[in-house]
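S.K.: quick one, what's the 3D model for this:
(3 chains)
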Amino acid sequence: MPTRRQALGLSLTVPALWGLAACGPNQSSSSSGGGGAGSLRFMWWGNAIRDDLTRKAIDAYKDVQPDLTISGEPADWSGYWDKLATQVAGGDMPEVIQMDEKYLSEYGNRGALLELADAGLDTSDFEDTSVKAGEVPDKGLLAINAGVNTPVLLANPAVFEKAGVDLPDDTTWTWDDLIDRATRITEKSAKGVYGIQQIGLVQATFQVYMRQFGKDQYATDGAGFSAEDAEEFFAYAQKLQDTKASPGASLAVEEAGQSVDQSMFSTGKTAMQVAWSNQVVAFDAAAGGDVRVLRMPSMTGRAADAQLWYKASMYFAVAAKASDPKQAVAFVDWLVNSPDAGKQLLAERGVPANLEVRKAIEGDLTESDRKAVDFIEDIAGELGETPVITPQGGGEFEDILKRCGEDLLFGRQDAKAAGKALLDQLTSAISV
Amino acid sequence: MTDQLTTPAPSAVTTPAPAPANASTLRRRRTRRVGPVVRHAILIIASLVMIYPLLWMVVSSLRPNSEIFRNPGLLPIRFNVENYVNGWHALAQPFSHYLLNSTFLVLGCVVGNVIACSLTAYAFARLRFWGRNIAFAVMLMTLMLPIHVVIVPQYIMFSQTGWVNTMLPLILPKFLATDAFFVFLMVQFIRGIPKELDEAARIDGCGHFRIFFRVIMPLMTPAIATTVIFTFMWMWNDFFGSLIYLTTPDNFTVPLALRAFLDSQGTSDWGAMFAMSVLSLVPLFIVFLFGQRFLIRGFATTGIK
Amino acid sequence: MSALGELATMAKTRRRGGVKEKHPDNKPALAFMLPWLLGLLGITLLPMIASLYLSFTDYSLLAAPRWIGLQNFVDMFHDARLMSSLKVTLIYVVVGVPLQLALALALAVLLNEGLKGLSFYRSIFYLPSLLGGSVAIAILWRQMFGTGGLVNQFLGMLGLTNLPGWISDPSTALGTIILLHVWTFGSPMIIFLAGLRQIPQMYYEAAAVDGATRWSRFLRITLPLLTPIIFFNLVLQVINAFQSFTQAFVVSGGTGGPSDSTLFYTLYLYQKGFTQFDMGYASAMAWLLLVIVALFTAVNFLVSKFWVFYDD
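M.R.: The predicted model follows:
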């Protein structure tokens, strides 16, 4: 065991850094964060609204487990991952964490996460496919769905109306139809208003597109698409730019880095926007409250061929070496299974995957929430296969797609070169 | 002396000497009168460019969320204090809590840096000791590694001592002169102080510590003021270190709290973020205004001639 | 006292004297340097050594490091993104640092003279630096230099058309970040100001008696006496600029885009270490950076012998 020996060598020479090599993943030590018996640490990313709802849920858990102290540790998205990785390195991983699909196998394959099914987590009220979203090959259920998510196409009826273009019938529309409508909107709207944002830089569209080819972003053994598939996708992106259905390169790149509130869609400068269903509430609020949730177009004009799927907007997971795994799993079980927890958390993390909880909170949902819930229930019969979980290194995909897409839009490379670059770079990223 | 503090203009340089009013001095006087006007004009235009972001922030903090990004200009100005009220109460604790945490952190760091860095700097600048050049090179080297690779081993160290989620990992290093920037800064300032002054003190029988406190410290007020201002500013804005070491919201500092308003994927409260950002600038600005009075207290005004 | 004893003490003092001549202040130095020494040994040095060790390992942060020898360093030389990030960073250092320092010095000198409302201007000019790398600045910067931003609106009024989105266009993005850097010249300006105040007034008084012009006063007195401070700013700004991270991070949303045009070295290092879980490689990158920065700094110090004046 060379690792052990090196760990030993290091620990002899530099005692203070002992933890670095010897701890490996996540021994939740009680030395920090107020650990010890009868306490849990729960870390999540989010915003002030989520922080507030989650704190209320933690308070509500006091009725279930009065002796347990749970310390809530919120962070912002990018800070969260820096912090979590550092804590895992230091053997200080919180017992309960929020997890994203992008990094599930990074943490899971390195043994940082506890298998939840064996640990007694109840998933009987879940839809099968939403449980599967947390299963890592060969490792089992490492994370439990905290909210169902699916790619959606948002439309702003006001912009459609101003341009005199009808909203599409999303059960029959095609990608060509999308370009056609978008182009007309650009033509008939005021200067600076476009049909749709440049979706060539958006990961969700790429995945939908690949799935409609009968492929996917990933296969079990690497990238799930060929360079030619990617080339076709980029050719479509190029067409969006050339027909002015989407804004030019500069604006498109700017748009790809914007937050919900700053986006052209929210400020009424595009009619359509690709998003995730858990973002409907944010976009609805930012764009004035009348946003329509549509299916993505298909190649054939049949909704069932759109190949949509349920993803987890995020998960809850438990540290593999939590000091008291039972307590931690019990808490997660309560978070996802108890209607009491559901009443606190609502649909803020996405539509609850637990059908009982979903029913229980129905009365508490806002109109925006309802749009997302209805959409998710509408497409239940049209779903394609559950995609393969993002492999280790795949967290970089969005950056790679943006890079290749930017080179394409600025005319630095054609669709063929971009397709090849995308595949090459992804392959090298996930072959680590 | 105090007079000189507030009017830094050295009289001998800028005010015209009473001289016979011949043609050439008249001309010079005219250019002098025009000079300040032109300079003020340049400075005012430059000021506008410099101050624009702050104006925009203040204006945005007074606007409802829906308007902030729909209107890129400064007008119309509204006076909607809702963001301030909301922002103050939106997080786990009232915002004053985070302001106090930041204040505590910053004060600790300022005291630490001023004491530890000036002691070290005196040794580097004035004492001749074994290994000085090597020590100086090592010190500079500590500045050259990016924080992102050092922070993980450092975190592991501090987590062994159980200091995570306290301010110790952020404050203690300052008392141990780990901020090489300020050591170097003070070394350069001390080297600018004429050596005759120390020697005079030594002849009077002063030891190094007395020279340091009685001669050097008073003469390097500008450097100390700079250290205070910079430490205050950097730690007040410090994000990465605070992010890694402070885990629960009751220990959060202002930059950590501000992030809670934003969510790149979902709902953000921009108005509240701008409002609290503006508020958190106030202490910073006060410290700067106060500190710059000491910044300009140099040789020119300490009466050494 | 015997003659022998006397001889012994003489020898002792002579030997001591020998040490004293070279390093007469060892003891007080130890006292003054104690905090620093403790900090170096207890806090700074260990993590540095650890990162050096990690640079020879495959370390994901999530699992124990595995020794892989020089592999990371070999990989670095085949890493096209690393080379491009090095180029971006060098441009930033070579263009940004001198521009910022020149502006800071010019304004410091201007603000050091007897003009009414000086402290007001000083505060205003320092404001952007106070705002620093905050989120608000990133948003503002994007708004100003965006396709429909203020800068383009202004240029449009001058009749220019076909303007790029300065931040989203790969050919101009780095330029706008350099501009952002120059714009936050407040910190070096403050240091220059502090330095200017330390120049003894008697020199200027003497020069005034000699009837020296403003320009020659600047060249003969201000500039030479300010050289230690200029040198300090130069050395530190170069070191900092090589590690520049925050501005590119917040403006590009952490990607270094568009098309890697603002992918600074440290930003790439951060991506490797924290988002691609390759801290071993990131550590190797950090030590390459250290060598590069150390070389630049060494050259700075060597050259300083020819232009920096100390009073000692």
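S.K.: and C:Gly273, how far from C:Val151?
M.R.: In this structure, C:Gly273 and C:Val151 are 34 Å apart, going by CB to CB, to the nearest Å. Using the backbone N, CA and C atoms, a C-beta is placed for each residue, glycine as well.
S.K.: which of these two has more residues huddled nearby?
M.R.: Neighbours per residue (other CB atoms under 10 Å in any protein chain shown) separate C:Gly273 from C:Val151, with C:Gly273 holding more: 28 against 16.
S.K.: please tell me how far B:Gly108 sits from C:Leu38.
M.R.: Shown here: B:Gly108 relative to C:Leu38, a distance of 17 Å by CB to CB.
S.K.: these two: which is more packed in?
M.R.: Remark: of B:Gly108 and C:Leu38, B:Gly108 carries more neighbours, 19 against 15, as counted by other CB under 10 Å.
S.K.: what about the strands in the chain?
M.R.: Went with chain A since none was named. According to DSSP state E, chain A carries its strands in the segments A:39-45, A:69-75, A:96-99, A:135-136, A:140-141, A:144-149, A:151-155, A:194-196, A:218-219, A:222-223, A:270-276, A:292-294, A:311-318.
S.K.: export these to a markdown table and tack on mean pLDDT, distance to C:Asp79 and mean neighbour count?
M.R.: A markdown table is the format used below for these (pLDDT from 0 to 100; distance: least, CB to CB, whole Å; neighbours: other CB atoms under 10 Å in any protein chain shown):
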| stretch | mean pLDDT | distance to C:Asp79 | mean neighbour count |
| --- | --- | --- | --- |
| strand A:39-45 | 94 | 30 | 23 |
| strand A:69-75 | 93 | 30 | 22 |
| strand A:96-99 | 97 | 29 | 25 |
| strand A:135-136 | 93 | 29 | 18 |
| strand A:140-141 | 95 | 36 | 20 |
| strand A:144-149 | 94 | 34 | 27 |
| strand A:151-155 | 96 | 33 | 24 |
| strand A:194-196 | 95 | 36 | 27 |
| strand A:218-219 | 94 | 24 | 17 |
| strand A:222-223 | 92 | 20 | 20 |
| strand A:270-276 | 95 | 32 | 25 |
| strand A:292-294 | 95 | 42 | 20 |
| strand A:311-318 | 95 | 32 | 26 |
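S.K.: now render the ones you listed as JSON lines, adding distance to A:Thr386.
M.R.: Compiled in JSON lines, those are given as follows (distance: least, CB to CB, whole Å):
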{"stretch": "strand A:39-45", "distance to A:Thr386": "24"}
{"stretch": "strand A:69-75", "distance to A:Thr386": "29"}
{"stretch": "strand A:96-99", "distance to A:Thr386": "17"}
{"stretch": "strand A:135-136", "distance to A:Thr386": "9"}
{"stretch": "strand A:140-141", "distance to A:Thr386": "13"}
{"stretch": "strand A:144-149", "distance to A:Thr386": "12"}
{"stretch": "strand A:151-155", "distance to A:Thr386": "14"}
{"stretch": "strand A:194-196", "distance to A:Thr386": "27"}
{"stretch": "strand A:218-219", "distance to A:Thr386": "12"}
{"stretch": "strand A:222-223", "distance to A:Thr386": "18"}
{"stretch": "strand A:270-276", "distance to A:Thr386": "16"}
{"stretch": "strand A:292-294", "distance to A:Thr386": "21"}
{"stretch": "strand A:311-318", "distance to A:Thr386": "9"}
